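In: based on what follows, work out the 3D shape:
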Amino acid sequence: MTKDAASESASNTESQSMRDFAEKAYLNYAMYVILDRALPHVSDGLKPVQRRIMYAMSELGLKATSKYKKSARTIGDVLGKFHPHGDAACYEAMVLMAQPFSYRYPLVDGQGNWGSVDDPKSFAAMRYTEARLAAYTQVLLKELGEGTVTWVSNFDGTLQEPARLPARLPNVLLNGASGIAVGMATDIPPHNIHEVVGACAHLLDHPDATTAALCAYVSGPDYPTGGQLITSKASLLAMYTSGRGSIQLRATYQHEHKVLVITALPYQASTAKVMLQIAQQMQLKKLPMVIDLQDQSDEASPVRIILTLRSARIDTEAVMAHLFATTDLQKQFRVNMNVIGLDQRPRVMGLKVLCQQWLTYRQDTVRSRLTHRLEQVQARLHIIEGLLIAYINLDRVIQIVREAEDPQSELIQCFDLSIVQAVAILNIRLRQLARLEETALESERAELSAEAARLQSILNSEKRLKQLVRKELEADARTFGDVRRTVLVENVPAAQQMLETAPIESVSVMISEQGWIHVTKGVSSDLKTLSFKAQDRVLSACSGISNQSPVVIDVNGRAYTLSVADLPSGRTQGAPLTKFIKPHQGAHVNHLIMGAAEDAVLLVQDVGFGFVTRIQDLISKNKAGKSILSVVKDAKVLISHFKSAMSEGDVIAVVTSEGYLLVFDAGTLPVLQKGKGCMLMRIPRARRITRAEVITAVNWVPQSAAMKLQSGRRHLTLQPKDWASYVGNRGSRGRLLPRGFRQVQSIQAVFKAQS
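Out: Okay, the predicted model is just below:
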C-alpha cells in the first residue's frame, strides 16, 4: 500500500475513546432492553415477544375455534419471521401466557403439560404440547386489519408486523406484567375486567375524577389463584395514586370442627412448599396443636390442604396467625406500575394516569378504525355511482365497449367517470346487467350512505366517540368478564409468630468470653458466678422469660436478635454465637440484654454521648443485625437496661474515670431508634480524644431510690438529699466525688439505704 493510500484509509477510519464507545454501547443496549424487551406498553400491555407470539398465531389461523397446532410450529414461525432470539425463552413466554394460575386472563389455550401451581416450570417440551389462541385474544386482535395499527418491518425487512395491537380492553391492568430492565423494573398486579372497565367508563364521563373516585370501582388487584387481599384501603389508595407500593395476600381457609381446610393459596405460592414448611414445624414440635397434615388437592379442588387439630377447643385463629407468619400462606408483593407510555418513554403511572393514557390510545384506535371504514364506504359509493350511470345508459355503454378502440378512455370522456369507475364498469359480467342487480345497487347505496353519515357524525363529535368507546368497553366486559377471585378482607391484624406454642418460663442466657452461648431454665441469683466450659468464663448474662428475644450488641453499636427456642441448653457446653448471628466485620459482642418490648435501654459511649431506646427498636430479623449506635472511633459502649418504665422525677447518674459525678433529669434525654446520641456529660475535648478521661459508670435512678456507687471493695450510698449538690443540666461537667470514691465501677439504684 502506498503512503497516500494508507493516509486515505486512516482518514476514513472512525476513532473514539474506549470510554465514549463503552458509554454509547451500554446506553444503546439499555434503551433496547427497556423499550424492546422488558417493559410492557400501555396500549396493549404486552412485551414485544408476547405481541409477536400473538400475531404469529393469528397469521397461522390458530383462532379459539380452530384446531390445536404443535407449539414447535408456532415458535418456529415466531423465531423465523419476527423474533430472532432463543427458542427456550420464547417458548417460556408462550407457556406463561397459557398458564391459568399465572395469567388472570390467559392469552393462549394450551393442550398438554403446561406446568402446575407447584412447579410452573415443569411444562413439557414444545414438540409435545399444542396450542391455539384463547377467546380473550379477540380484544387484542379483532381490529388488526381495520386500519388501526402502524405496521413496521420485521428484523430482516421481508415482512410487516404491527407495532402495537389494537386492544379493546386495558390489558396492561387486566393481566398485569413483571420484568427487569436496565436500571428499572415493573411489577403490575392483575385486575378484574368489570372493575377496570367501570373505572374507565367513569373516567370517560368525568375526566377530572380523582384516584379515590376510581378506587370506588377498582377495589384492588385480582389474582388468578384467589386468596385474601388484606392490604388496607388507605394503603391501596396510596399505591394507586403513586404507582408504587406493596400488597399482602393470605390463603383462604375454612374451619370444620377439628379440621382446618386451606382452599386457596396466595399468588405464586406452591402447595408442596407450604406442606413442607408446615411439616418441618410439626417435626420441630413448634405446632403441638396440629396432629396431622394431608394434601387432598385434585383437579376438582386445585388446593385443598387439611390440618387436623388436637382438640376442637383450640384457637384456630391463633394457629392460622402463626402459619401466616412462618409459611407462604401469607406473601407480600411489590407493586411498581412502570410502563412505556404513549410518548415511548418508560414511566411509573398511577391508576388514573394509566387509565387516561389507555383511553387516549383507545379513542385514537377507534377514530382510526372509523376513518378507515369511512374511506372504504366512500370508495364503494364512488363505484356504485359509476355502475348506476352505466345502468342508466346501458345501451350506450355496450356500444362503446363493442366499438371503441379504448373503451376505458371513451367511457371516462363520455360520462365524466373516474378511472376506478370505468374499470368497475368494464368488469361487469353479463349476468349482472339484469334489472334486479340495479335494484340491489340502489339498496346498497342507500345503506352505505346512511353508514357514511353515521360514521362522519361520530368522527365529528367527541362526545359520540366517547359514547361508542364506552359502549364497546361494556360489551366486551359482559363477554369476557367474570367474578372477582381474590377476596378483600378489612381490619386484619398483622401476622405474628405464635410464641405460645412453647411453654413460657423463666430463663437465663449467657455469653462466654470465647463467644459461646447457652440458655438455662430459671433465674440465677448471681449470673456472673456461673461456670462455662473449661478455660472460659461468662462475659455477659441476663434473665427473662422464654417468649422474649435476647439481644446482643457488639462494640460497633450493632444489635442482633436471638430466639430462646434456638439456643442450646445449659446442660451442654453451648454453641458458637456465630451460628445464630453474623457479626459485622467480625466485631466482638460484649453486651446481652433481654426484656419486654417496651423496656427502656440507655446506650452510652464512654466519650460522653448517649440516648434512650426501646428493646422493640433493637429487634431485627436479619442475622446481620442492624446498626443502632453510631460509635465514635475508639469509644466503648456502656448499656443500662431499665426493667420498669421511666416516670417524672427520675434521674440519670454519670461518673467519669476522674471521679466527676453528674446527676440530671432523665426526661431531658431523647428517646431515639438509632443515632450517635446527645452529650450526657461534658469531658474536655483534649482529654476525650486521648481517652485520658472517659465515662466509667452510668445508670437510671428512680426519684424514690438511693444511689449506690461501687468503688473497688468500698461503696458510697447517696440518698436523694445527698446527691442534690451533684445535680446539673445534661451536658454539664458535674462535681468531684469524695476522695477514695472516685474510681467508680458501677452505679446501682437501691430502694433501701444500705450501711
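In: what mean pLDDT does stretch 90-100 have?
Out: Average pLDDT, stretch 90-100: 96.
In: check the secondary structure at the closest residue to Leu96 other than its chain neighbours for me.
Out: Using Cβ to Cβ, 6 or more residues apart in numbering and skipping the chain neighbours, the partner closest in space to Leu96 is Ser102 (5.4 Å). The C-beta positions use only the backbone N, C-alpha and C, and glycine is treated the same way. What DSSP: H, G, I helix; E, B strand; the rest coil gives for Ser102 is coil.
In: contacts only, for Ser102.
Out: Residues in contact with Ser102 (Cβ atoms under 8 Å, 6 or more residues apart in numbering) are Leu96, Pro120, Pro224.
In: swap in Pro576?
Out: Per Cβ under 8 Å, 6+ apart, neighbours of Pro576: Gly515, Trp516, Ile517.
In: where does pLDDT dip in the stretch 451-600 of the chain?
Out: 492-504, 524-534, 571 (pLDDT under 70).
In: any idea how far the residue nearest to Leu96 is from Leu27?
Out: Separation of Ser102 from Leu27 (Cβ to Cβ, to the nearest Å): 33 Å.
In: averaged pLDDT, the one helix or strand Ala279 maps to. What do you get?
Out: Element membership of Ala279, judged by DSSP states H and E, is helix 271-283. Across helix 271-283, the average pLDDT comes to 92.
In: tell me how far the helix or strand that that helix is followed by lies from the chain's centre.
Out: Counting by DSSP H and E, the next helix or strand C-terminal to helix 271-283 is strand 290-295. Mean-position distance between strand 290-295 and its chain equals 32 Å (Cα atoms, centre = their mean, to the nearest Å).
In: helices or strands up against strand 290-295?
Out: Strand 290-295 sits against helix 271-283, strand 305-309, with contacts defined as 3 or more Cβ pairs under 8 Å, 6 or more residues apart in numbering; DSSP states H and E.
In: TSV for the ones you listed, including distance to Cys678?
Out: Listed next are these as TSV, based on distance: least, Cβ to Cβ, whole Å:
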stretch	distance to Cys678
helix 271-283	45
strand 305-309	52
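In: phi and psi next, for the closest residue to His641 other than its chain neighbours.
Out: By the measure of Cβ to Cβ, 6+ apart, the closest residue to His641 outside its immediate chain neighbours is Ile593, 4.8 Å from it. Ile593 adopts backbone torsions of phi -130, psi 160, taken as degrees, to the nearest 10.
In: and Ile593, what does it touch?
Out: Cys542, Pro550, Val551, Ile553, Val601, Ile615, Leu618, Ile639, His641.
In: so Ser246 touches Val335, yeah?
Out: Yes - using Cβ atoms under 8 Å, Ser246 makes contact with Val335 at a distance of 6.2 Å.
In: list the residues that contact both of these two?
Out: Common neighbours of Ser246 and Val335, using Cβ under 8 Å, 6+ apart, are Met239.
In: neighbour count: these two, which is higher?
Out: Val335 (20 against 13; other Cβ atoms under 10 Å).
In: alpha carbons of the strand or helix carrying the more buried one, as CSV, please.
Out: If you go by DSSP H and E, Val335 is part of strand 330-336. Taking C-alpha atoms only, strand 330-336 is exported to CSV below (Å, rounded to 0.1, in the frame of the first residue of the first chain):
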residue,chain,number,x,y,z
GLN,A,330,-49.1,-15.1,53.5
LYS,A,331,-47.0,-13.3,51.0
GLN,A,332,-46.1,-9.7,50.2
PHE,A,333,-45.9,-8.5,46.7
ARG,A,334,-44.2,-5.3,45.4
VAL,A,335,-46.1,-3.0,43.1
ASN,A,336,-44.3,-0.8,40.6
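In: tell me what it is packed against?
Out: Using 3+ Cβ pairs under 8 Å, 6+ apart, strand 330-336 sits against strand 185-188, strand 244-250.
In: how about a cut-off of 10 Å?
Out: Packed against strand 330-336 by the contact rule (3 or more Cβ pairs under 10 Å, 6 or more residues apart in numbering; DSSP states H and E) you find strand 177-180, strand 185-188, helix 233-242, strand 244-250, helix 316-326.
In: which one of these lies closest to His382?
Out: Between His382 and the helices and strands packed on strand 330-336, the tightest spacing by Cβ to Cβ is seen for strand 177-180, at 45.2 Å.
In: list the buried residues of the closest one.
Out: Going by neighbour count (16 or more other Cβ atoms under 10 Å), the buried part of strand 177-180 is Ala177, Gly179.
In: other residues contacting that strand?
Out: 33-34, 37-41, 45-47, 50, 96, 171, 185-190, 333-334, 336-339 (Cβ atoms under 10 Å, 6 or more residues apart in numbering).
In: any idea how far Trp99 lies from Asp343?
Out: Careful, residue 99 is Gln and not Trp. For Gln99 relative to Asp343 (Cβ to Cβ), the value is 33 Å.
In: neighbour count for those two, which is higher?
Out: Comparing Gln99 with Asp343 by neighbour count (other Cβ under 10 Å), the higher total belongs to Gln99, at 18 against 8.
In: which ones are touching the more buried one?
Out: Pro106, Val108, Gly110, Trp114, Gly115, Ser116, Val117, Pro120, Phe123, Pro224.
In: would you reformat those as TSV and include secondary structure?
Out: Shown next, in TSV, are these (three-state DSSP):
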residue	secondary structure
Pro106	coil
Val108	strand
Gly110	strand
Trp114	coil
Gly115	coil
Ser116	coil
Val117	coil
Pro120	coil
Phe123	coil
Pro224	coil
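In: if any of those residues are buried, put those into a ChimeraX selection.
Out: ChimeraX command restricting the contacts of Gln99 to the buried ones, with burial defined by 16+ other Cβ under 10 Å:
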select :106,108,110,114,115,116,117,120,123,224
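In: identify the farthest-apart pair in the contacts of Gln99.
Out: Farthest apart among the contacts of Gln99 - using Cβ to Cβ - are Val108 and Val117, which lie 17.4 Å from each other.
In: just to revisit the earlier point, same list, the helices and strands packed on strand 330-336, but as a markdown table with distance to Ile389 and mean pLDDT please.
Out: Conversion of the helices and strands packed on strand 330-336 to a markdown table gives the following (distance: least, Cβ to Cβ, whole Å; pLDDT from 0 to 100):
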| stretch | distance to Ile389 | mean pLDDT |
| --- | --- | --- |
| strand 177-180 | 56 | 90 |
| strand 185-188 | 58 | 94 |
| helix 233-242 | 61 | 95 |
| strand 244-250 | 65 | 94 |
| helix 316-326 | 80 | 89 |
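In: to Gly61, which of the ones you listed lies closest?
Out: Closest among the helices and strands packed on strand 330-336, once you apply Cβ to Cβ, is strand 177-180, at 27.5 Å.
In: on the three-state scheme, the nearest residue to Ile419 once chain neighbours are set aside is what?
Out: Of all residues not flanking Ile419 in the chain, Ile412 sits nearest, at 6.8 Å (Cβ to Cβ, 6+ apart). Using three-state DSSP, the structure places Ile412 in helix.
In: before we move on, the earlier item: next step: the contacts of Pro576 restricted to strands.
Out: Residues of the contacts of Pro576 located in strands (DSSP state E): Trp516, Ile517.
In: for the contacts of Pro576, which ChimeraX command selects only the ones that are buried?
Out: Those of these that count as buried under 16+ other Cβ under 10 Å are selected in ChimeraX with:
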select :516,517
